[in-house]
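>>> Let's see this in three dimensions:
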Amino acid sequence: MTITPEEQVWLASEAIANAYEITTSGKHLLIHPDTFKGKISLIQIGEILDKLEKDHSVIEIVSRPTDFDLSSDGNGKCYSIKIPDYTKFRSFLNLAHSKHHGSIDILAGDNFFAVCDVSMDILSELQLSSMNVASIPLVPSIIKFNSLCPAHSAGLLDRYANFRWKALLYMKERGHINYAQIEESPTYGNWDRMITVEVDRYNFDKFYKKLGQTYEIRVVEPAKKKEKKEKKKINIPEMPPPLTRVEIVSMPVVNTKSLDEAVIAKNKKIISLPKFHPTEWSKIEWRFLDERNVLIGTKDDLKPSDFQALGFENETTGKPDLTWLWLFDMAIRSGETETLPKPIPDATKQKKLKVSNLLKKLFKNDTDPFYDPAETQTYRLKIGLFPPQFEENRPTYNPMEMLGDLG
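Below is the predicted model:
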């Protein structure tokens, strides 16, 4: 496999550093091209040394190899190099070392899988867009690599989020992506956050091809050998192909039954939601029957459901979570919260986000189901949100019991 430019620069810099260690003070350093045989071509080593001299100013090339040199010591077949400022060269050497030892080939274990994980998500988003910006989840609902998140516990989900964020920082430092930011606040307490990633498509595509080659060698091929040896099927996450230009000449017939099934992931559960056609917000009703049960849909098509079926269960207590209680209180207030404080607390924003995402998924409507809070000074729903018929049906459970809930 061809080594990367970063690796080539490191090999050249390392050879110069090694020559410096064994060369008497005042003498020029001698670097023979055969030092890089099988790794860097004669043309490439000449270009790399030129770059170190002209672009980075960390060496001076005193003389170059020539086949016409007949001296007995053979020094004419070496590059003769001088280091004008060793402190500057050492700084450059450390940088080259960092880039090389942070290369894909050097990444180990879960660090490598974390980079693969976020790169797959970025590519998936870019394939459906002509833009250079992708929006990916901090913690996706489907875990591609088991070792990154072996179980759905708070600690392991925080660890998984941390792995993905550090992988993006690694990619940014090395120029594989231009920019990454967790929406609203760069904290790891809330796993529903999205990350905005900006890329240079050419650079990302080049990096992704290299990543795919490494993945094939380090993951796919060993797994196939193990599968053959043990004669059992091993589930290997597949790296999607890199970005390419595709011309659509015909559309196949697709069975869209599964596409109509709205589902959400809640810890270890996959929750199937009620099914509705795409619907305008003004035609939707959400009617609480009591503190746990609701009717949702359009006026002519109301379907029964409850807090568990809609993904609002506190996994610790088995009771409705804080977002459900918040929504119930909004129903009591005719579909609107109290006046919002400034700034709006993150916990309130996350409740609003969870309700928005659910409604968008249920009714296949990508617009915001809430009015703009800058205008209303509240969170106010565009759907009809109705409380139980009698006020005494308001929830009797203690909200303090659920303060640890992130919903």
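
>>> Would you work out how far apart the start and end of stretch 358-377 are?
Between the opening and closing residues of stretch 358-377 lies a distance of 23 Å (C-alpha to C-alpha, to the nearest Å).

>>> right, I mislabeled it, should have said stretch 370-386
Distance between the boundary residues of stretch 370-386 (C-alpha to C-alpha) amounts to 15 Å.

>>> Could I get the full set of helices for the stretch 151-300 of the chain?
Under the criterion DSSP state H, counting those that start in this stretch, the stretch 151-300 of the chain contains helices at 154-173, 201-215, 221-230.

>>> worst-scoring helix or strand of this protein, pLDDT-wise?
In the chain, the helix or strand scored least confidently by mean pLDDT, DSSP states H and E is strand 263-266, which has a mean of 48.

>>> What residues sit buried inside stretch 160-175?
Within stretch 160-175, the residues scored as buried using 16 or more other C-beta atoms under 10 Å are 160, 161, 163, 164, 165, 167, 168, 170, 171, 174. Bear in mind the C-beta positions are built from the backbone N, C-alpha and C, glycine included.

>>> next one: stretch 196-207
Residues of stretch 196-207 classed as buried under the neighbour-count rule (16+ other C-beta under 10 Å) are 197, 199, 204, 205, 207.

>>> end-to-end on that stretch?
For stretch 196-207, the first-to-last residue distance is 19 Å (C-alpha to C-alpha).

>>> what's next to it, contact-wise?
Residues lying outside stretch 196-207 but in contact with it, judged by C-beta atoms under 8 Å, 6 or more residues apart in numbering, are 119, 122-123, 126, 132-136, 168, 171, 175-181, 183, 242-243.

>>> Run the chain-centre distance for it.
The chain centre lies 13 Å from the centre of stretch 196-207; the measure is C-alpha atoms, centre = their mean, to the nearest Å.

>>> Repeat that for stretch 342-361.
Averaged over its C-alpha atoms, stretch 342-361 has a centre that lies 22 Å from its chain's centre (C-alpha atoms, centre = their mean).

>>> And that stretch, what's buried?
Residues of stretch 342-361 classed as buried by neighbour count (16+ other C-beta under 10 Å): 348, 349, 350, 351, 352, 353, 354, 355, 356, 358, 359.

>>> After whatever helix or strand residue 52 lives in, which helix or strand is next?
Element membership for residue 52, per DSSP states H and E: helix 42-54. Once helix 42-54 ends, the next helix or strand along the chain (criterion: DSSP H and E) is strand 60-63.

>>> Report the strands that pair with that next one, each with its relative direction.
The strands that strand 60-63 pairs with in its sheet are strand 79-82 (antiparallel) (by DSSP bridges).

>>> list the buried ones in the partner strand?
By neighbour count, and taking 16+ other C-beta under 10 Å as the criterion, the buried residues in strand 79-82 are 79, 80, 81.

>>> picking up where we left off before, I'd like to know which of the buried residues of stretch 160-175 is nearest to residue 387.
The shortest gap between residue 387 and any of those belongs to residue 161, at 36.2 Å (C-beta to C-beta).

>>> Switch the buried residues of strand 79-82 over to a markdown table; also include distance to residue 11.
Written out in a markdown table, the entries for the buried residues of strand 79-82 read as follows (distance: C-beta to C-beta, whole Å):
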| residue | distance to residue 11 |
| --- | --- |
| 79 | 14 |
| 80 | 19 |
| 81 | 15 |
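
>>> how about the residues you listed in TSV, adding pLDDT?
Putting these into TSV (pLDDT from 0 to 100) gives the following:
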residue	pLDDT
79	92
80	93
81	93
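
>>> picking up where we left off before, among the buried residues of stretch 342-361, which one sits closest to residue 110?
Relative to residue 110, the closest of the buried residues of stretch 342-361 is residue 350; by C-beta to C-beta it sits at 27.5 Å.

>>> Would you mind measuring from residue 90 to residue 169?
Using C-beta to C-beta, to the nearest Å, one obtains 25 Å as the distance from residue 90 to residue 169.

>>> Assign the residue lying closest to residue 167 once chain neighbours are set aside to helix, strand or coil.
Leaving out its chain neighbours, the residue that sits closest to residue 167 by C-beta to C-beta, 6 or more residues apart in numbering is residue 114, at 3.9 Å. Of the three states, residue 114 takes helix under DSSP: H, G, I helix; E, B strand; the rest coil.

>>> repeat for residue 25
Reduced to three states by three-state DSSP, residue 25 is coil.

>>> rewinding a little: identify the farthest-apart pair in the buried residues of stretch 196-207.
Of all pairs drawn from the buried residues of stretch 196-207, the one with the largest separation by C-beta to C-beta is 197 and 205; the distance is 14.3 Å.

>>> can you pull the pLDDT of the residue nearest to residue 167?
Per-residue confidence for residue 114 comes out at a pLDDT of 90.

>>> So it is in contact with residue 162, correct?
No - between residue 114 and residue 162 there is no contact under C-beta atoms under 8 Å: 9.1 Å.

>>> filter the contacts of stretch 196-207 to the buried ones?
Using 16+ other C-beta under 10 Å as the burial test, those include 119, 122-123, 126, 134, 136, 168, 171, 176-177, 180, 242-243 as buried.

>>> Residue 385: what secondary structure?
Counting by three-state DSSP, the three-state call for residue 385 is strand.
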